[in-house]
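# got a predicted model here, sequence first, then my questions.
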Amino acid sequence: MAPIVRRGMMLVLSSPSGAGKTSIALEMLCRDEQLILSVSVTTRPPRPAEQEGRDYYFVSKDAFDRMVNAGKFLEHARVFDHDYGTPKAPVEMALAAGKDVLFDVDWQGTQQIAQNAHQDLVRVFILPPSTVELERRLRTRGQDTNDVVQGRMARAAQEMSHWPEYDYIVINHDFESSVDQVMGILNAERLRRERQTGLSNFVHDLMGV
């Protein structure tokens, strides 16, 4: 019997910067071939080792604004003096093909996605175990100056205040455990009746109807 046809979902991971959402997202992508990453467009310059089309699409401010005006984003926001946006067309194509799309976005982007495509959305917020640990992780990764780290810490409380807007909360005490928890959320959401669009035909065949 053929596999049950399923519509994909949008799985959003959000957290204050440094809480671990990007590392969790990358590990999930390695574990599950049916999960693909939504690659955002940004106006910020690339960091060391980031690649065009894999990590982000890097564009000028003018090019970004043209995309906004043309309605090409599912969501877009300005974060730390740079613009970020999710291209709409590739996400819609992936969902229709039964692929699940993983988003690494902040609460602003999540709110916009919820307004535009609520029925396809599953929201997970990643919390750090403490603010002390959050600052340690930000400094350990060595990507930002002291002023940038302080700015991210100052913004963290405001970001974390949006946790009630999410469907699931994961406290990232331990990386492997946190990945397992989010994978469990993904697998459970895939089994929701409304996502399995081919379930009715499958059951009718089982019943001989």
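Nice, I can see it.

# please make it C-alpha for all contacts and neighbour counts, starting now.
Noted.

# buried ones in stretch 55-65?
By neighbour count, with 16 or more other CA atoms under 10 Å as the criterion, the buried positions of stretch 55-65 are 55-59, 64.

# centre of the chain to the helix or strand bottoming out on mean pLDDT in the chain, how far?
Across the helices and strands of the chain, mean confidence by mean pLDDT, DSSP states H and E is lowest for helix 131-141: a mean of 84. Once both centres are worked out by CA atoms, centre = their mean, to the nearest Å, helix 131-141 turns out to sit 21 Å from its chain's centre.

# what angle do the next helix or strand after it and helix 131-141 make?
Using DSSP states H and E, the helix or strand that follows helix 131-141 in sequence is helix 146-160. With axes from the mean of the first three to the mean of the last three CA atoms, to 10 degrees defining the directions, helix 146-160 sits at 140 degrees from helix 131-141.

# now what about the host helix or strand of residue 111, what contacts it?
Assigned by DSSP H and E, residue 111 belongs to helix 107-117. With CA atoms under 8 Å, 6 or more residues apart in numbering as the test, helix 107-117 has contacts from 12, 14, 74-77, 121, 123, 159, 162.

# centre of the chain to that helix, how far?
Centre-to-centre, helix 107-117 and its host chain are 11 Å apart (CA atoms, centre = their mean).

# could you do stretch 137-146 as well?
Offset of stretch 137-146 from its chain centre (CA atoms, centre = their mean): 22 Å.

# show me where pLDDT drops low in the chain?
1-2, 142 (pLDDT under 70).

# in it, which spans are strands?
Assigned by DSSP state E, the chain shows strands spanning 10-14, 35-37, 40-42, 56-58, 73-79, 82-87, 100-104, 121-127, 168-171.

# picking that back up, and the helix holding residue 111, what's buried?
For helix 107-117, the neighbour count (16+ other CA under 10 Å) marks 107-111, 113-114 as buried.

# nearest to residue 81 among those?
residue 108 (14.3 Å; CA to CA).

# residue 168 is in contact with residue 123, correct?
Yes: judged on CA atoms under 8 Å, residue 123 makes contact with residue 168 at a distance of 6.4 Å.

# so what sits opposite the residue nearest the centre of the chain in the bridge?
Geometric centre of the chain, nearest residue: residue 103, 1.9 Å, by CA atoms, centre = their mean. Residues in a beta bridge with residue 103, per DSSP bridges, are residue 12.

# so it makes contact with residue 28?
No: the criterion here is CA under 8 Å, and residue 103 misses it with residue 28 at 11.6 Å.

# and the residue nearest to the centre of the chain, how close does it get to residue 113?
10 Å (CA to CA, to the nearest Å).

# and if you look at residue 6?
20 Å.

# please apply the same query to residue 124.
Per CA to CA, residue 124 is found 13 Å from residue 113.

# before we move on, back to that, which other helices and strands contact the least confident helix or strand of the chain?
helix 146-160 (3 or more CA pairs under 8 Å, 6 or more residues apart in numbering; DSSP states H and E).
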